[in-house]
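>>> model the following, please.
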Amino acid sequence: MAIMERIKKDIKGRVKRNLNRNYITRVLNILAARPILSTYGHTFASESDRFLNIISIKNLKKAYSEDSTTAYGSLFLPYELFHGLGLTPFLPEVMSGFTAGLEITEYTLKKASSGWYTPDLCTFHRSASGAVEMDLFPKPDFVIVANLACDAAQKTFYIDAARFKREDRFYLIDVPYEKNEKNILYLKKQLKKISMDICKKLDKKIDINLLKEAIRLSNDFRNWALKLNNIRKELILYPKNFNGLNFILPFYGLAGTKDAVTLYKNMYFEFKKLLDKQRSLSKNNNKAKDKNTNKKLLWLHLKPYYKNNIFTTLENNNYRVVFEEINNVYWPRLDPEKPFESMAIKLLSNPLNGKIENRINAIKKMAKDYNVDGVILFAHWGCRHSNGGARIIKDSLNQQNIPTLVLDGDCLNKNNSSTGQILTRLQGFMEIIDGKY
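Below is the predicted model of the structure:
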């Protein structure tokens, strides 16, 4: 067994035997120690995975530290706000993916069920709520959530705030349906008011220079992410075990930090080398890329975070997910001199906000930019927002002659997914695409 797998297995076993916040804090402190973190990082097969794991561990350790001012945040918030206010973000939804990876979701979901959380609720939120009830997540100083793309977050996050007696530090950001000047101003005022209240409770003033720096770093991160995404429009030769759906934490939660800039800058140069190698191989073979050799896919929504054969099956049949909806840079360059307005614009620019046509148009653009042969939408259990538009998305893409598979399953609860049925439908989908050529 590879060193990395032995380390992961050992960590999983220890955490499962010691399901409490103190032990998790202890493990993170050990892993984050410089010599161990460096050694652990070098066990990964690629630079992208190495940096992702090092940065994730470092930031999780900070979130669990009693010295940090930790704030829970929902997925699509402008996290420049957190970093500009000196808050350490913790994303319960994203961490639910870690509970699946650690193979403890059965415990967190069971705990949520005993607390009367309805079984038709998104398992990301049920698992996160169960983890909070089991005292696995750090204590938040603040809880911030937006009513963007998810109706479960605002409810479960408030329950979390109440559990930690943080009701007076719970903030719900109301994101308007349409993007226009009036709504940008409305959202800007909310963000500024929330920031002032947080700083008042922390007995300090808003440091506008810190907010400007977060916006500047966010722009740097955005620049490298765009450059990386442009390379992926042509790239087929990916790093070993790479999966773009693993990069949610840095893409969202670390926007506005040096870590995000470092990660995406290094990923760009790693992928650039692979693209140069790919071009060289193609040139030496004296022939253009054969579409029958490599089929390109666009992935919508998220993925199962427990062990599964979906991506192995795709690769074994010469299919490559060349882009993921979750990694789309949808917002314009931000203005450091107007931090609150910039963050309002970023929120309102999200294709998941407003009418379904916003998301469909973004998907069509991605499908065209990456010249994909097909699209897979993973219809996660309990996600009303994504699943509600699945048929409309499928029909819209079919009109563009883009084969689309709506794959029903559960990102966290493997007992809620039929492995055999998923693989059968995946095989049938690939046969449809193969039949086009």
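
>>> tell me who's in contact with Arg14.
Counting by C-beta atoms under 8 Å, 6 or more residues apart in numbering, Arg14 touches Tyr23, Val27. Any C-beta I mention is one placed from the backbone N, CA and C, and that applies to glycine too.

>>> return the helix or strand in this structure with minimum mean pLDDT.
Across the helices and strands of the chain, mean confidence by mean pLDDT, DSSP states H and E is lowest for helix 34-41: a mean of 73.

>>> roughly how far does Asp369 sit from Pro92?
Relative to Pro92, Asp369 is positioned 32 Å away (C-beta to C-beta, to the nearest Å).

>>> same question, Glu167
Computed as C-beta to C-beta, the Glu167 to Pro92 distance reads 17 Å.

>>> between the two, which has more neighbouring residues?
Neighbour tally, Glu167 and Pro92, criterion other C-beta atoms under 10 Å: the higher count belongs to Pro92, 26 against 11.

>>> the stretch 1-150 of the chain: strands as residue ranges?
Per DSSP state E, counting those that start in this stretch, the stretch 1-150 of the chain carries strands over the ranges 70-73, 88-90, 142-146.

>>> most neighbours per residue, which of those strands?
Comparing the strands of the stretch 1-150 of the chain on average neighbours per residue, with mean count of other C-beta atoms under 10 Å, the densest one is strand 70-73 at a mean of 27.

>>> rewinding a little: Trp224: which of the strands of the stretch 1-150 of the chain is closest?
Nearest to Trp224, of all the strands of the stretch 1-150 of the chain, is strand 88-90, at 19.9 Å by C-beta to C-beta.

>>> so what touches that closest one?
With C-beta under 8 Å, 6+ apart as the test, strand 88-90 has contacts from 59, 62-63, 65, 68-73, 79, 82-83, 137-138, 140, 253-254.

>>> then stretch 312-322?
Here stretch 312-322 has contacts from 232-233, 235-236, 238, 243-244, 293-299, 311, 370, 372, 376, 423, 426-427, 430, using C-beta under 8 Å, 6+ apart.

>>> again, only using 6 Å
Arg232, Ile236, Thr293, Asn294, Lys295, Lys296, Leu297, Trp299, Tyr370, Leu426, Met430 (C-beta atoms under 6 Å, 6 or more residues apart in numbering).

>>> which pair of those spans the longest distance?
The two members of those with the most space between them (C-beta to C-beta) are Arg232 and Leu426, at 21.8 Å.

>>> and the helices in the stretch 251-400 of the chain?
Ranges of helices within the stretch 251-400 of the chain are 258-284, 310-316, 339-348, 356-369, 384-388, 390-399, based on DSSP state H, counting those that start in this stretch.

>>> and the ones you listed, which is most packed in?
Using mean count of other C-beta under 10 Å, helix 339-348 ranks as the most buried of the helices of the stretch 251-400 of the chain, with a mean of 24.

>>> hmm, who's touching stretch 230-242?
Outside stretch 230-242, the residues that touch it by C-beta under 6 Å, 6+ apart are 45-46, 48, 271, 274-275, 278, 294, 320, 322-323, 369-370.

>>> export those residues to JSON lines and tack on pLDDT?
JSON lines is the format used below for the contacts of stretch 230-242 (pLDDT from 0 to 100):
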{"residue": "Ala45", "pLDDT": "73"}
{"residue": "Ser46", "pLDDT": "85"}
{"residue": "Ser48", "pLDDT": "90"}
{"residue": "Phe271", "pLDDT": "97"}
{"residue": "Leu274", "pLDDT": "97"}
{"residue": "Leu275", "pLDDT": "97"}
{"residue": "Gln278", "pLDDT": "95"}
{"residue": "Asn294", "pLDDT": "89"}
{"residue": "Arg320", "pLDDT": "96"}
{"residue": "Val322", "pLDDT": "98"}
{"residue": "Phe323", "pLDDT": "98"}
{"residue": "Asp369", "pLDDT": "98"}
{"residue": "Tyr370", "pLDDT": "98"}
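
>>> TSV for the residues you listed, including distance to Ala112?
Output for the contacts of stretch 230-242, formatted as TSV (distance: C-beta to C-beta, whole Å):
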residue	distance to Ala112
Ala45	35
Ser46	35
Ser48	33
Phe271	39
Leu274	41
Leu275	44
Gln278	45
Asn294	41
Arg320	36
Val322	36
Phe323	33
Asp369	39
Tyr370	37
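
>>> these: which two are farthest apart?
Among the contacts of stretch 230-242, the pair separated by the greatest distance (C-beta to C-beta) is Ala45 and Asp369, at 27.6 Å.

>>> so where's the stretch 201-350 of the chain uncertain?
Across the stretch 201-350 of the chain, residues meeting the criterion (pLDDT under 70) sit at 286-292.

>>> tell me where it has strands.
In the stretch 201-350 of the chain, the strands defined using DSSP E, counting those that start in this stretch lie at 295-300, 319-324.

>>> how about those, which one is nearest Thr156?
The closest of these to Thr156 is strand 295-300. By C-beta to C-beta, the value is 23.5 Å.

>>> output the closest one as PDB, restricted to C-alpha atoms.
The C-alpha coordinates for strand 295-300 follow below in PDB (Å, rounded to 0.1, in the frame of the first residue of the first chain):
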ATOM      1  CA  LYS A 295     -14.000  12.300 -25.000                       C
ATOM      2  CA  LYS A 296     -14.500  15.500 -23.000                       C
ATOM      3  CA  LEU A 297     -17.100  16.000 -20.300                       C
ATOM      4  CA  LEU A 298     -18.500  18.900 -18.300                       C
ATOM      5  CA  TRP A 299     -19.600  18.000 -14.700                       C
ATOM      6  CA  LEU A 300     -22.500  19.900 -13.100                       C
END
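
>>> skipping its backbone neighbours, what lies nearest Thr262 in space?
Spatially, and ignoring its direct neighbours in sequence, Thr262 is nearest to Phe51 (7.0 Å; C-beta to C-beta, 6 or more residues apart in numbering).
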